[in-house]
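> Got a predicted model here, sequence first, then my questions.
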Amino acid sequence: MRIVQIIDSLNPGGAERMAINYANALAQRIEFSGLISTRTEGILSNQIESKVCYLFLNKKKRIDFFAISRLRKYLKKNRVDIIHAHSSSFFIAVLVKFTMPKIKIVWHDHYGTRVRETKKENRVLVFLSIFFYSIFAVNHELIEWSKKNMKCSRVIFIPNFTRFPKIVKQETNLKGNDGKRIVILANLKNPKNHILILKAFCELKLNEMGWSLHLIGKDYYDIYSDILKNFIKSNSLADHIFLYGEKNDIRYILSQSTIGVLTSTQEGFPVTLLEYGLENLAVVSTNVGYCSIIIKNEFTGLLFNPFSEFEIKEQLLKVVEDDSARMKMGNNLGQLIDEKYSEKKVIEQIILAYNKK
């Protein structure tokens, strides 16, 4: 089996991390595993392991014949059987298939918000889906959307998994008190809903209890970012709420943290929850997407409605005030992820899915 993962960038994000995870994990199990970034590289590029055959296309425009030609040469040289296209990279995969009709395209949908979109809003994707061999989706809502709207009948649920890179320099030292750090891993953009945790932190006066809040994720320096920074400044919380930008040493960051939070109004299957669990953090999470499947009860974490300030405050206070419950939640979540969402289990599923007739 000879497979290449294609993704538009290697900037930190769920789909991007999964493309690298698949490429690295498959490199240990199949004849050939490749990875291609089409538009931009990013800090995740240093997580690509040596056995993975990597190419950066440097695609400049929507239909870039030079990039298509480079992609075609790579596929022919490495005798690739399957293109595993993540998110919007399906477009260039289909363009190259026109010149290599025998190659199979598997399209992987990570975009939780799609379930709220219409077929018309995704007309290019729907039209080109006739060229897909299979569709993989990260939650059951996305499965149903594809079955209803897409022109490919082979639709398969594949859960995410996570694996931390083997060697990453430990360089991000979190501020605040040990044992009292709350972290949120999410780029500063919609629908990540950071303002909800900022308001909850402020109204609960967690800073007066010695707690600090740490935002890890890309800052786009836009209106969304300005709203968060203005809130922090206007409530005199600059010594308790910290923004770090995009970081690569996630495992090291989480090793310094106590509680992991996810506040999104839409999610597919958040890799973030898996990362929190692998480091045994107590989790307070939104109940959208696949979150409520991972966190089924209070033994593995606490859920809230992302549109309810009351609910997040209520749940956050529970884990802040109860050290014993917090520790049990983190341990239970870690055990659950190891049992159900380990690399070994998911890779076995995806290899079967690649071969499904």
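Great, that's in hand.
> what ranges do the helices span in the stretch 201-350 of the chain?
223-234, 250-255, 271-278, 291-294, 309-321, 323-340, 343-355 (DSSP state H, counting those that start in this stretch).
> and the first one, C-alpha only, in CSV?
Think helix 223-234. Below are the C-alpha coordinates for helix 223-234, written out as CSV (Å, rounded to 0.1, in the frame of the first residue of the first chain):
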residue,chain,number,x,y,z
ILE,A,223,-11.1,42.0,15.5
TYR,A,224,-11.5,38.6,17.2
SER,A,225,-8.1,38.9,18.8
ASP,A,226,-8.6,42.6,19.7
ILE,A,227,-11.8,41.7,21.6
LEU,A,228,-10.0,39.2,23.8
LYS,A,229,-7.1,41.5,24.5
ASN,A,230,-9.4,44.5,25.3
PHE,A,231,-11.3,42.3,27.7
ILE,A,232,-8.1,41.2,29.5
LYS,A,233,-6.9,44.8,29.7
SER,A,234,-10.3,46.4,30.8
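> most tightly surrounded among the helices of the stretch 201-350 of the chain?
helix 271-278 (a mean of 25; mean count of other Cβ atoms under 10 Å). For every residue, glycine as well, the C-beta is placed using N, CA and C.
> Report the mean per-residue pLDDT for that one.
Throughout helix 271-278, pLDDT has a mean value of 94.
> Just say helix, strand or coil for residue 88.
When classified by DSSP: H, G, I helix; E, B strand; the rest coil, residue 88 comes out as helix.
> what about it, neighbour count?
By other Cβ atoms under 10 Å, the residues close to residue 88 number 16.
> wait, doesn't it sit right on residue 8?
Yes. Between residue 88 and residue 8 there is a contact at 5.7 Å, judged by Cβ atoms under 8 Å.
> how much space is there between residue 126 and residue 114?
11 Å (Cβ to Cβ, to the nearest Å).
> Likewise for residue 69?
31 Å.
> Same question for residue 13.
From residue 13 to residue 114 the distance is 15 Å (Cβ to Cβ).
> Could you pull up the contacting residues of residue 4?
Neighbour list for residue 4: 33, 34, 35, 36, 53, 74, 75, 78, 80, 82, 83, 84 [criterion: Cβ atoms under 8 Å, 6 or more residues apart in numbering].
> in the sheet, who's paired with the fourth one?
Counting by DSSP bridges, residue 36 forms beta bridges with residue 6, residue 55.
> which stretch among the helices of the stretch 201-350 of the chain comes nearest residue 109?
helix 343-355 (13.5 Å; Cβ to Cβ).
> For that closest one, name the packing helices and strands.
helix 14-27, strand 134-137 (3 or more Cβ pairs under 8 Å, 6 or more residues apart in numbering; DSSP states H and E).
> Dump those to CSV, plus mean neighbour count and mean pLDDT.
Below are the helices and strands packed on helix 343-355 laid out as CSV (neighbours: other Cβ atoms under 10 Å; pLDDT from 0 to 100):
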stretch, mean neighbour count, mean pLDDT
helix 14-27, 24, 95
strand 134-137, 24, 97
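> okay if I get those as a markdown table plus distance to residue 244?
As requested, the helices and strands packed on helix 343-355 are exported to a markdown table (distance: least, Cβ to Cβ, whole Å):
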| stretch | distance to residue 244 |
| --- | --- |
| helix 14-27 | 17 |
| strand 134-137 | 31 |
